[in-house]
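Participant: sequence? don't have it. structure:
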């Protein structure tokens with residue numbers, strides 16, 4: 001049966017007043033925060049209780065506590081008030097220049113491929129946003145470590161996180177030094193890598209070794225994962241590139257990291273046909289009713305630079 005209960009719109013501010021008193025546990029502190037007198041705040045709550053026909057706060061000479069009816073009402077009211085204030089803040093931020101500190105965590109490869117090329121332009125365009133960047137190949141806990149946004153490969157995130165792809169699909173390059181390839185030959189299939197010295201990567205967070213991924217040439221090619229072996233394991237992709245330059249073995253790294261080395265002849269690419277564009281970077285951040293203006297500005301900037309549509 002549809003409820004016919006209505007409430008006087010003039011009483012709507014009393015819902016916020018109720019939340020303030022409940023959170024402060026005191027009429028005095030809540031009144032100070034609202035910049036009203038304690039007696040005026042008490043009258044506001046009493047009018048709300050009278051309109052609803054229920055006691056919402058239990059008052060004693062020393063403290064104020066929320067009744068069962070008050071808790072039930074606040075359970076519904078709090079998310080709505082948060083959404084309302086968030087929307088109002090968003091409108092205000094859109095009308096003014098984005099500002100504040102934005103804490104970003106990025107893997108080393110994400111920093112070099114995505115963030116570093118955009119830093120100067122972003123900071124020039126938005127001088128009132130201060131970026132604090134933590135370069136870390138581990139999977140940082142965004143909320144626990146107090147970051148606003150992370151940049152990583154892949155789109156697997158925790159259930160309370162949002163993942164937004166940025167930029168085009170990227171390619172992996174399998175590379176070695178000219179001296180290494182002259183001494184050991186060029187592999188013509190991924191399976192042939194088992195006969196080579198390969199520089200392996202260990203994930204800092206899980207401790208697992210990365211299996212080298214390939215895609216069989218041609219339409220609908222199957223993905224293959226090869227467990228390679230070699231004399232060097234590291235958790236730093238730049239160390240892998242440096243080791244490949246030294247002739248220690250073959251490295252399986254993001255193409256962006258070795259473009260200059262390939263052009264200069266310091267490294268040579270192999271198995272190129274098995275490495276199509278199939279990897280994308282993602283931004284990930286906590287799921288909230290309203291995205292902070294500084295975060296929206298950052299995401300839109302990176303996605304626009306990559307030819308993508310703005311975040312919503």
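Facilitator: Sure thing, it's come through. All figures in this text were calculated on a predicted structure; none of them were measured in a lab.
Participant: the helices in the protein, which residues?
Facilitator: 12-24, 27-34, 38-52, 68-95, 108-110, 116-125, 178-184, 237-245, 259-264, 293-305 (DSSP state H).
Participant: wait, which of these is closest to residue 199?
Facilitator: Counting by CB to CB, residue 199 lies closest to helix 237-245 out of those; the figure is 4.9 Å. C-betas here are computed from N, CA, C, even on glycine.
Participant: Contacts made by that closest one with the rest, please.
Facilitator: 108-109, 137, 175-177, 180, 199, 201, 232, 234, 249-251, 253-254, 257-258, 261, 266-267 (CB atoms under 8 Å, 6 or more residues apart in numbering).
Participant: And stretch 207-225, by the same measure?
Facilitator: Contacts for stretch 207-225 (CB under 8 Å, 6+ apart): 172, 174, 190, 193, 198, 200-203, 226-228, 233, 252, 271, 273-276, 278.
Participant: Pull out the buried residues from those.
Facilitator: Neighbour counting with 16 or more other CB atoms under 10 Å marks 172, 174, 190, 193, 198, 200-201, 226, 228, 252, 271, 274-275 as buried within these.
Participant: Which one of these is nearest to residue 42?
Facilitator: residue 201 (63.9 Å).
Participant: That closest one against residue 230, yeah?
Facilitator: No: using CB atoms under 8 Å, residue 201 makes no contact with residue 230, being 10.8 Å away.
Participant: returning to what we had before: got the buried ones among the contacts of stretch 207-225 as TSV, with distance to residue 245 columns?
Facilitator: Shown next, in TSV, are the buried ones among the contacts of stretch 207-225 (distance: CB to CB, whole Å):
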residue	distance to residue 245
172	17
174	14
190	22
193	19
198	15
200	17
201	16
226	22
228	19
252	15
271	18
274	22
275	19
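Participant: So which of those are in strands?
Facilitator: Among the buried ones among the contacts of stretch 207-225, the residues falling in strands (DSSP state E) are 172, 174, 198, 200-201, 226, 252.
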